[in-house]
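J.: Fold the stuff below for me.
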Amino acid sequence: MRLLLEPSDAFLFNQINNGNAISLAFAKGFGWAGELNVRYIFEKAFTGARGEGYPIERAEPQQRNAAILSEVKAAVCKDVVASLKAIDQELVKQAVGSAQFQECFFANCQDTEIAEYVRTLID
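T.: So this is what the prediction gives:
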């Protein structure tokens, strides 16, 4: 869900996030011609091509990233280790690969199963 205050917010929500649920602020910006603002918000939010990315020259990498995030979302509806194993392992290795992450993670991790899994990725 995304708060939309003006039509440009709605357009970007449609193009970048491929959104489908909006929230409007009660009485915010709805003085003179407020009904036009609401109409234009709905037009931009729910019409035209969706999820194509913005600006146009960034459309392909944004769509590729959206596909990656969709895979991650589908994978994380499980326990943590199962979720991490369901994600592209190269992506997870990259996420846990830095020395700064490892120092902080191993100093504070309280779940031995997760710690052991991360160790298998970095060894």
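J.: Which secondary structure elements does the helix ranked longest in the chain sit against?
T.: In terms of residue count, the longest helix belonging to the chain (DSSP state H) is helix 59-75. Helix 59-75 is packed against helix 80-86, with contacts defined by 3 or more CB pairs under 8 Å, 6 or more residues apart in numbering; DSSP states H and E. Every residue, glycine included, has its C-beta placed from N, CA and C.
J.: average pLDDT across the helix it packs on?
T.: In this model, helix 80-86 has a mean pLDDT of 89.
J.: Going by neighbour count, list what's buried in it.
T.: Applying a neighbour-count criterion of 16 or more other CB atoms under 10 Å, the buried positions in helix 80-86 are 84, 86.
J.: where along the protein do the helices fall?
T.: Counting by DSSP H, the helices of the chain are 7-17, 34-46, 59-75, 80-86, 89-96, 99-108, 112-122.
J.: Find the one among the ones you listed with the highest mean neighbour count.
T.: Sort the helices of the chain by mean neighbour count, taking mean count of other CB atoms under 10 Å, and helix 7-17 sits at the top with a mean of 18.
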